[in-house]
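1. Dropping a prediction and its sequence here:
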Amino acid sequence: MSKAVRALVRRAEAARRDAGMVTSEYAMGIVAAVAFAVVLYKVVTSGQVSAELQGIVERALDGRM
């Protein structure tokens, strides 16, 4: 077997071994995004932040920005 063929076979075998990593990386990315969204939701809906956001929107609508 020539060097080029052996190198190609090694790359193909390595690609098969790593094929599952892409799916797991996507899964971890989705889990991290959902966790960040939950934290952001909790912060934005907390009393103090909600009142500040409402005040900003009211001032913007009144033209007092």
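-> All right, it came through fine.
2. Okay, now the unreliable bits of the chain?
-> 1, 16-21, 64-65 (pLDDT under 70).
3. longest helix anywhere in it?
-> Taking DSSP state H as the criterion, the chain has its longest helix at helix 3-44.
4. Remind me what that one packs against, helices and strands.
-> For helix 3-44, the contact count by 3 or more Cβ pairs under 8 Å, 6 or more residues apart in numbering; DSSP states H and E identifies helix 47-62 as packing neighbours. Heads up, the C-betas are built off the backbone N, CA and C, glycines and all.
5. ok, Arg59 to Leu53 distance?
-> Plainly put, Arg59 is 11 Å away from Leu53 if you go by Cβ to Cβ, to the nearest Å.
6. Now do the contacts for Val44.
-> Contact analysis of Val44 by Cβ atoms under 8 Å, 6 or more residues apart in numbering lists 50, 53.
7. now do 7 Å
-> Ser50 (Cβ atoms under 7 Å, 6 or more residues apart in numbering).
8. Use 14 as the first number from now on
-> Okay, using 14 as the starting number, the last item reads as Val57.
9. Quickly note the distance from it to Ser63.
-> 7 Å.
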